[in-house]
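A.B. asks: build me a model:
(one chain, ligands or ions: 1)
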Amino acid sequence: MNAVVVGGGIVGLSSAYELAVRGVDVVVCEKGSIGSGSTERSAGGIRTQFSTPVNVDLSLESIRVWESFDERFGTPIDYRTNGYLFLARTAETAATFESTVEMQNERGVPSEILDPEQAANRCGGIDPAEFVAATYSPMDGFADPHLALQAYARAAAEEGVDVRTKTPVVDVRRNGDRVTGVETPGGRLEAEVVINAAGPWAREIAAMAGIDLPIAPKRRQIAVVEPETPVPSTDPLTVDLDSGSYFRPERDGDALVGGHFADADPDRDPDAFATSMDFEWAVDALEAVADWTSYFGPESAIKRGWAGLYAVTPDDNAILEETVPGLVTAAGFSGHGFQHAPATGRIVAELVTEGEATLVDVAALSSDRFGTGDERTETNVV
Ligand SMILES: Cc1cc2nc3c(=O)[nH]c(=O)nc-3n(C[C@H](O)[C@H](O)[C@H](O)COP(=O)(O)OP(=O)(O)OC[C@H]3O[C@@H](n4cnc5c(N)ncnc54)[C@H](O)[C@@H]3O)c2cc1C
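C.D. replies: Predicted structure coming up:
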């Protein structure tokens, strides 16, 4: 059996690796270089604290891989299980915690609801007076996206995957209902199955096959900040759910700070958006975290930053399915595709080689949910 994977980000490379492990001949077409998409612009967050069961399950299956990644792939990825701390300022936000944590616990996640003082024991810099409740899971954490991506690329190549950089897919071939391959400037590649793992470009790839998928590229930024008071390396990734601002420890007391604060959130052209950080945004992001923690006093310095794209669907959940015969879609991860890549790769391989996914029930991620009322929006979005 042979497959073409479109996209050399972490979803495409994890899929290519898992397909090759199962004996499939795989070519990865990457129009730029490995990591030129969203993956290397991510914060590397890995968490089980989602509001929809399918995302919790994808996290649990992915964490099985993340926690054994060093041994499996022979590469340290700076995986740190510092936990995630979600903070609520309003009773309305706190009211969602009970059912969400109950659902997470039922699936095996050791998350718990904390009062503000208990939350401050997890993250010493927060001002408990600003919040009414929190949730915490020690299973959550973060890793280095660059190291993880390069490890998948190496492992895929070692399994015989033909990774072609500077190889754009310019068309997807169909014979009736069935997708039969792709066109590249270097010629046609016939394939029994094509995997659309093109991240923020996935809508374009789907359109080449005559399919409309609601995946919108949305710009998100991160600042690397040297805080006035160093952030302890053991602090969790901490999110003020009501303002959307978050931070996590980076190295040597520095922090990654993020969040989206503007009302406007236009779709971006993934080939022509500003990849550098806006200074005004960074000032807003710093003021936002300074509002609820003691770390980011006036002596804090913005060291650098960048912008990337979330590939967002209407309900903030991925599309993971065989969309038409011969075309598997693994895209639209809405800001959580880095962490879900290990499980996604295995599910893609199951869909291709077995015709169905058994690792996780991904029925909720089929594209025919849109517009039917069956969408279940992911509300724990960072
Ligand atoms: C600021 C920021 C913070 C984030 N933080 C987190 C986080 O903490 N945790 C988390 O899980 N996720 C996070 N994400 C989201 C995460 O980065 C993405 O969900 C994930 O990287 C998606 O991986 P991917 O492989 O699908 O896409 P990408 O990494 O974008 O890869 C897609 C690839 O497809 C290639 N491509 C496109 N079109 C073509 C074509 N026609 N032919 C050939 N190749 C093509 C592109 O060049 C690209 O390399 C964050 C994203 C951003 C922007």
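A.B. asks: list the residues that contact the residue in the stretch 101-250 of the chain that the ligand sits nearest to.
C.D. replies: Sorted by distance to the ligand under C-beta to the nearest ligand atom, the residues of the stretch 101-250 of the chain start with G199, at 2.5 Å. Just so you know, the C-beta spots here come from the backbone N, C-alpha and C atoms, and that holds for glycine as well. Each residue near G199 by C-beta atoms under 8 Å, 6 or more residues apart in numbering is listed here: 7, 9, 11, 37-39, 270, 309, 311, 331, 333, 337.
A.B. asks: so which residues on the stretch 1-150 of the chain come close to the ligand?
C.D. replies: If contact is defined as C-beta under 6 Å from any ligand atom, the residues of the stretch 1-150 of the chain in contact with the ligand are 6-12, 29-32, 36-39, 41-45.
A.B. asks: please, a PyMOL command that selects the buried ones among the residues you listed?
C.D. replies: Written as a PyMOL command, the selection of buried residues from those, which uses 16 or more other C-beta atoms under 10 Å, is:
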select buried, resi 6+7+8+9+10+11+12+29+30+31+37+38+39+41+42+43+44+45
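A.B. asks: in helices only, show me the residues of the stretch 1-150 of the chain next to the ligand.
C.D. replies: Per DSSP state H, helices hold the following members of these: 10-12.
A.B. asks: show me which of the residues you listed is closest to P116.
C.D. replies: Compare each of these with P116 using C-beta to C-beta and the shortest gap goes to I10, at 35.5 Å.
A.B. asks: I'd assumed L149 was in contact with that closest one.
C.D. replies: Yes. Here I10 reaches L149: they are 5.0 Å apart, a contact under C-beta atoms under 8 Å.
A.B. asks: flag every buried residue along the longest helix along the chain.
C.D. replies: With secondary structure taken from DSSP H, the chain has its longest helix at helix 337-354. Within helix 337-354, the residues that qualify as buried by neighbour count (16+ other C-beta under 10 Å) are 337-352.
A.B. asks: just the closest of those residues to the ligand, please.
C.D. replies: Closest to the ligand out of these is G337 (2.3 Å), distances taken as C-beta to the nearest ligand atom.
A.B. asks: so that closest one is in contact with G37, correct?
C.D. replies: No. Checked against C-beta under 8 Å, the pair G337 and G37 is beyond contact range at 9.9 Å.
A.B. asks: spit out the residues that contact the two alike.
C.D. replies: 9, 199.
A.B. asks: tabulate the ones in helices among the residues of the stretch 1-150 of the chain next to the ligand (CSV), appending pLDDT.
C.D. replies: Shown next, in CSV, are those (pLDDT from 0 to 100):
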residue, pLDDT
I10, 98
V11, 98
G12, 98
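A.B. asks: and of those, the nearest to P249?
C.D. replies: Taking those together and measuring to P249 by C-beta to C-beta, the closest member is I10, at 22.1 Å.
A.B. asks: cheers, nothing more for now.
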